[in-house]
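Chemist: I would like to see how this sequence folds:
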Amino acid sequence: MDLPDPIPVTRTVDFGTAKLLPDVDRPRAWLLTVDGAPQSYVDLDEPAYLEFEYTRRLAHALDAAGPAGAPLEAVHLGGGALSLPRYVAATRPGSRQHVVEGDRGLAALVAEYLPLDGAADGIAVHTQDARAWLEGAPDGSADVLVADVFGGARVPAHLTSAEFLREAGRVVRPQGLYLANLADAAPFDFLRSQIATVRGVFGQVCVIAEPGVLRGRRFGNTVLVAARHELPLYHLARRVAADAFPARVMHGSALERFAAGARPVYDTAAVPSPEPPDGAFSVG
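Modeler: Have a look, this model is predicted:
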């Protein structure tokens, strides 16, 4: 299939206005935004290239989810332009992946302009609500589950509760990993409650973010990594420190102090993640 000329594409999708913007520095690379907020970056010629810092941090955790190069069974809640599924397909050939994208219009746009090639045959895209799909997934069917769902730049409330996390814990295998992309700022009420909620299911938790975000200087992404076993802390710390925008891994006593007093959130009291301040994630 011949790809269209690299010119911007704008389309109204289910949950807003999506734009595909070509990268002038990389011939077949595209930025996907929804209502001005960056959602994904994909290089069709180099799927292992990850532009966004938080995506690279998620990838560092994915790299530790099994022996190097070995196939994974992965679930991605939130699809966008399929940056991480493409990354896994490129770095772990033979992987089987389920991607759940609630925006049918967005999924159709991505399929039309950024199609998967033969190397990504193991990727199945499901267009339905993330939690509804998860509730129907088999027990112990995933080596890793990535929760990266944003609606209007906020994580939906029904994907933040203990009930949701219990479903995630049911699907993730005992030696698997749960990863979540979250966004918050001081005083971190949302992030702290998510740490408590995830810990109640998986037990072991760490948080990855830029020091400025963790010090409360600005709103930003944080990556949460959780498991029922010892986390790959050395691997994560080494990898995120070497990134162009270094991050740090908060765990142990530092995490205990950070989340002190926070309690798990249940469906009856769950709320979306905070509204980002104007310009926090916008493009152009």
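Chemist: any idea how far residue 72 is from residue 181?
Modeler: 18 Å (Cβ to Cβ, to the nearest Å). C-beta: built from backbone N, CA, C; applies to glycine.
Chemist: next one: residue 147
Modeler: Taken as Cβ to Cβ, the span from residue 147 to residue 181 is 7 Å.
Chemist: go on, residue 192?
Modeler: On the measure of Cβ to Cβ, residue 192 and residue 181 end up 16 Å apart.
Chemist: how about residue 51?
Modeler: With Cβ to Cβ as the criterion, residue 51 and residue 181 are 15 Å apart.
Chemist: more crowded one of those two?
Modeler: residue 181 (21 against 16; other Cβ atoms under 10 Å).
Chemist: list the contacts of the closest residue to residue 142 other than its chain neighbours.
Modeler: Among residues not flanking residue 142 along the chain, residue 75 sits closest, at 4.6 Å (Cβ to Cβ, 6 or more residues apart in numbering). Contacts for residue 75 (Cβ atoms under 8 Å, 6 or more residues apart in numbering) come out as 97, 98, 100, 134, 137, 141, 142, 144, 145, 146, 171.
Chemist: can you pull out the strands in the chain?
Modeler: 9-13, 16-22, 29-34, 37-43, 73-77, 96-100, 123-126, 142-147, 172-184, 204-209, 220-227, 248-250 (DSSP state E).
Chemist: which other residues reach stretch 188-195?
Modeler: Against stretch 188-195 from outside (Cβ under 8 Å, 6+ apart): 160, 180, 182, 184, 205, 207, 216, 222, 224, 255, 258-259, 261-265, 271, 273-274.
Chemist: need the strands of the chain in TSV (columns: distance to residue 278 and mean pLDDT).
Modeler: Below are the strands of the chain laid out as TSV (distance: least, Cβ to Cβ, whole Å; pLDDT from 0 to 100):
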stretch	distance to residue 278	mean pLDDT
strand 9-13	21	96
strand 16-22	16	96
strand 29-34	15	96
strand 37-43	11	94
strand 73-77	27	98
strand 96-100	30	98
strand 123-126	32	96
strand 142-147	26	98
strand 172-184	14	97
strand 204-209	21	98
strand 220-227	15	97
strand 248-250	27	97
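Chemist: could you dump the ones you listed to CSV with distance to residue 233?
Modeler: What follows is the strands of the chain, written out as CSV (distance: least, Cβ to Cβ, whole Å):
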stretch, distance to residue 233
strand 9-13, 39
strand 16-22, 36
strand 29-34, 32
strand 37-43, 27
strand 73-77, 21
strand 96-100, 25
strand 123-126, 29
strand 142-147, 17
strand 172-184, 13
strand 204-209, 6
strand 220-227, 9
strand 248-250, 6
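Chemist: can you tell me how far the residue positioned nearest the centre of the chain sits from residue 273?
Modeler: Central residue of the chain (Cα atoms, centre = their mean): residue 148, 3.3 Å from the mean position. Here residue 148 is placed at a distance of 12 Å from residue 273 (Cβ to Cβ).
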